[in-house]
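Engineer: Sequence first, then the predicted structure:
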Amino acid sequence: MKVRSYPALPTCMGCCLLLVLALMWTSVTKAAPSIPAQALQHRYQLIREARVQWGMSAPTATFAAQIHQESTWNADAVSPVGAQGLAQFMPATARWLPQVAPDTGKPLPFNPAWSLRALVTYDRWLWQRVQAVTPCDRMAMTLAAYNGGLGWVQRDARLAAARGLDARRWWDNVETVNAGRNRAALTENRGYPRRILLTLEPAYMAAGWGGGICSEGGRHD
């Protein structure tokens with residue numbers, strides 16, 4: 001019996017594989033957020049302030065990601081609703097913070113050093129007032145409270161429990177309920193911790209900004 005021979009395909013298959021890998025790499029590159037050049041001038045100040053409040057294992061990549069989300073590292077930023085500086089504190093919150101955290105000093109939201117100190121201090125204050133099963137869930141609640149208020153997070157957690165969900169888990173539990181906010185506010189609030197922890201934090205970790213709360217090396221109980 002004559003054995004029929006077929007043309008070899010490895011070269012073609014190899015080309016296809018290379019094309020797929022190239023497309024995947026291009027997609028990842030486009031999706032990865034870029035770190036603004038001005039972030040570097042504040043890097044060591046952020047590390048110092050974070051370690052004062054959170055210890056030597058402070059998740060600095062998480063805080064860097066939060067600053068990125070708030071102002072893209074623009075120290076002169078002013079939002080349409082009046083939030084100011086790197087950390088985008090509202091004037092009333094900036095005035096209130098020294099009352100519960102005197103070490104933050106006189107409120108100076110346009111001063112980068114004050115903004116970084118205030119952000120990590122306020123995050124710590126909120127962190128101590130929420131409970132969760134994992135540090136990642138806890139930081140998600142902390143960030144949601146920073147963005148929309150601690151009271152709303154607490155109300156959402158109670159509603160989640162009433163519906164049979166786990167009030168100590170943010171992801172797929174507390175984040176899925178709404179205790180009464182309008183749609184625009186809810187959409188912003190739910191997107192805030194998600195983008196910081198799942199998109200921006202990994203980018204800052206990859207750039208050498210230290211550990212992140214939702215990744216190994218950045219856990220903080």
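Structural biologist: Received, thanks. Note that the structure is predicted; figures quoted are calculated from it, not measured.
Engineer: Ends of stretch 194-204, what's the gap?
Structural biologist: End-to-end span of stretch 194-204 (Cα to Cα, to the nearest Å): 15 Å.
Engineer: Let me see the contact set for Ala32.
Structural biologist: Neighbouring residues of Ala32 by Cβ atoms under 8 Å, 6 or more residues apart in numbering: Ala203, Ala206. Placement of C-beta: from N, CA and C, glycine included.
Engineer: what mean pLDDT does the helix or strand hosting Thr187 have?
Structural biologist: Under the criterion of DSSP states H and E, Thr187 resides in helix 183-195. Averaging pLDDT along helix 183-195 yields 98.
Engineer: ditto for stretch 208-220
Structural biologist: Mean predicted confidence for stretch 208-220 is 76.
Engineer: again with stretch 148-156
Structural biologist: The model assigns stretch 148-156 a mean pLDDT of 98.
Engineer: can you check stretch 62-74 too?
Structural biologist: Per-residue pLDDT over stretch 62-74 has a mean of 99.
Engineer: Check which residues of that stretch are buried.
Structural biologist: Within stretch 62-74, the residues scored as buried using 16 or more other Cβ atoms under 10 Å are Thr62, Phe63, Ala64, Ala65, Gln66, Ile67, His68, Gln69, Glu70, Ser71, Trp73.
Engineer: and of those residues, the nearest to Gly85?
Structural biologist: Ser71 (6.9 Å; Cβ to Cβ).
Engineer: isn't the closest one right up against Gln84?
Structural biologist: No. Contact between Ser71 and Gln84 fails when scored by Cβ atoms under 8 Å: they sit 9.1 Å apart.
Engineer: where exactly do the strands run in the protein?
Structural biologist: In the chain, no strands are defined using DSSP state E.
Engineer: Return the residues in contact with the residue nearest the centre of it.
Structural biologist: Note on the chain: the residue nearest the mean C-alpha position is Ile196, at 2.2 Å, using Cα atoms, centre = their mean. The contact partners of Ile196, by Cβ under 8 Å, 6+ apart, come to Thr62, Ala65, Gln66, His68, Gln69, Leu143.
Engineer: can you check Ala77 too?
Structural biologist: Glu70, Ser71, Ala83, Gln84, Gly85, Leu86, Gln88.
Engineer: and it, how far is that from Leu86?
Structural biologist: Separation of Ala77 from Leu86 (Cβ to Cβ, to the nearest Å): 7 Å.
Engineer: try Gly149
Structural biologist: From Gly149 to Leu86 the distance is 20 Å (Cβ to Cβ).
Engineer: between the two, which one's more packed in?
Structural biologist: Remark: of Gly149 and Leu86, Leu86 carries more neighbours, 30 against 16, as counted by other Cβ atoms under 10 Å.
Engineer: Look up the closest residue to the more buried one, ignoring the ones flanking it.
Structural biologist: Using Cβ to Cβ, 6 or more residues apart in numbering and skipping residues adjacent in sequence, the residue nearest Leu86 is Ser115, 4.0 Å away.
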